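**Student:** have a look at this prediction, sequence included:
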Amino acid sequence: MLDPDLNNIQLSPDDYERYSRHLILPEVGVEGQKRLKAASVLCIGTGGLGSPLLLYLAAAGIGRIGIVDFDIVDTSNLQRQVIHGTSWVGKPKIESAKQRILEINPYCQVDLYPTRLSSENALEIIRPYDIVVDGTDNFPTRYLVNDACVLLNKPNVYGSIFRFEGQATVFNYEGGPNYRDLYPEPPPPGLVPSCAEGGVLGILPGLIGVIQATETVKIILGKGTTLSGRLMLYDSLNMKFRELKLRPNPTRPVIEKLIDYEQFCGIPQAAATETQQPIAEMTVRELKQIIDAGAKDYLIVDVRNPNEWEIGKIPNTVLIPLPEIENGKGVEKVKSLLNGHKLIAHCKMGGRSAKALGILKQAGIDGINVKGGINAWSQEIDPSVPKY
């Protein structure tokens, strides 16, 4: 429970009107609303999770909100990142978020950090805030946020989403578990696809983000039972909620300092492996020259999923999805189609095809990866192919 000095916090006439539905709740009242006004919350990310939680934290009357993000608004964000609008495409997300927050609550102080959170700046950025809300989508930053919160003794309100499923909990609160109790070690690089590769139901982050906002408000008010020690799992496709108990691991390593989280999550090691066994690359322009020349000695394989194939495709390509290559069936299919030809592979942006070529390389098949995948093809070669 946060214990701010409320003596100097006053509610204005506008506050009484704006938060009237809070004030008549016995669990909130005038004192609770003052607690919200005195509170400071740092949100890491203004994406699918950050969008709804920022909107509701601002509307609830949080006095100070910090936002960390270095990305710009892309059209593909608008399906789920509801704090942004079409007019903000190509512009910084934090500026878009700040404008929307101030439209909802002009009395909220909004601090912007247009930077990537790192081991060098995390403690300095997080230190002034009461609570941190993690709206990130990658493992290095999640471990970084967790460890910084542990070192600074800050509650970490966590959420994550993928396809139709989401999860949420509260870490490092009143002696409860932290992220390393849930995931002592990160998964191997590339094992868990990003939302850009695996997709996400646009409505899903709305619900998980609102749950994060709810937990944040409860911590500030000191009311109710938080998700600390409980991992809430949500399956939107079947509309089911489950809970798993989380406990601190007494044998976990003590967090003493921030480390290199890219290295911890195996990202440099993966790059080193690729350096030792390099996978050749080509640009989409080079691929177009091969296709236009009618070259017959190439097999061009698209490793995306069938539903992505229906969105758009590069001419003269064969669909062999990555999961088939991973289970071995696709490897045999490539072998049967190759017949001495040179192999070229692509996906949406180049990550999955690089992984597929790594698997094929182990089976004795060398190939060339198309940099940027079909999105680069759409941008540089054929705009009629939808970019998604």
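**Tutor:** Sure, I can see it. These numbers come from a predicted model, not from an experiment.
**Student:** which residue ranges form the strands in the stretch 201-350 of the chain?
**Tutor:** 230-235, 240-245, 280-282, 298-302, 317-319, 342-346 (DSSP state E, counting those that start in this stretch).
**Student:** tell me which of the ones you listed sits most buried.
**Tutor:** strand 342-346 (a mean of 24; mean count of other CB atoms under 10 Å). Where C-beta positions appear, they are placed from N, C-alpha and C, glycine not excepted.
**Student:** what packs against that strand?
**Tutor:** Strand 342-346 sits against helix 284-292, strand 298-302, helix 351-362, strand 367-370, helix 373-380, with contacts defined as 3 or more CB pairs under 8 Å, 6 or more residues apart in numbering; DSSP states H and E.
**Student:** strand partners (parallel or antiparallel) of that strand?
**Tutor:** strand 298-302 (parallel), strand 367-370 (parallel) (DSSP bridges).
**Student:** what's the closest of these to Leu152?
**Tutor:** Taking CB to CB, strand 367-370 is the member of the strands paired with strand 342-346 nearest to Leu152, at 41.5 Å.
**Student:** and the contacts of the closest one?
**Tutor:** With contacts defined as CB atoms under 8 Å, 6 or more residues apart in numbering, strand 367-370 is touched by 279-284, 287, 301, 342-346, 350, 353-354, 357, 360-361, 376-377.
**Student:** with stretch 309-320 instead?
**Tutor:** 287, 291, 299-304, 306, 330, 333-334, 337, 346, 374, 377-378, 385-386, 388.
**Student:** out of those, which end up buried?
**Tutor:** Among the contacts of stretch 309-320, those scoring as buried are 287, 291, 299-304, 330, 334, 346, 374, 377-378, 385 (criterion: 16 or more other CB atoms under 10 Å).
**Student:** with those in mind, which one is nearest to Asp14?
**Tutor:** When the buried ones among the contacts of stretch 309-320 are compared against Asp14 (criterion: CB to CB), the nearest one is Ser378, at 48.6 Å.
**Student:** wait, that closest one sits on Gly372?
**Tutor:** No - with contact defined as CB atoms under 8 Å, Ser378 does not reach Gly372; the gap is 9.5 Å.
**Student:** elements contacting the lengthiest helix in the chain?
**Tutor:** The single longest helix within the chain, with elements called by DSSP state H, is helix 204-221. Counting contacts by 3+ CB pairs under 8 Å, 6+ apart, helix 204-221 packs against helix 29-38, helix 50-60, strand 131-134, strand 156-162, strand 165-171, strand 230-235.
**Student:** quick one: these as TSV, columns for mean pLDDT and distance to Trp88 too.
**Tutor:** Below are these laid out as TSV (pLDDT from 0 to 100; distance: least, CB to CB, whole Å):
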stretch	mean pLDDT	distance to Trp88
helix 29-38	97	27
helix 50-60	98	12
strand 131-134	98	21
strand 156-162	97	22
strand 165-171	98	25
strand 230-235	98	29
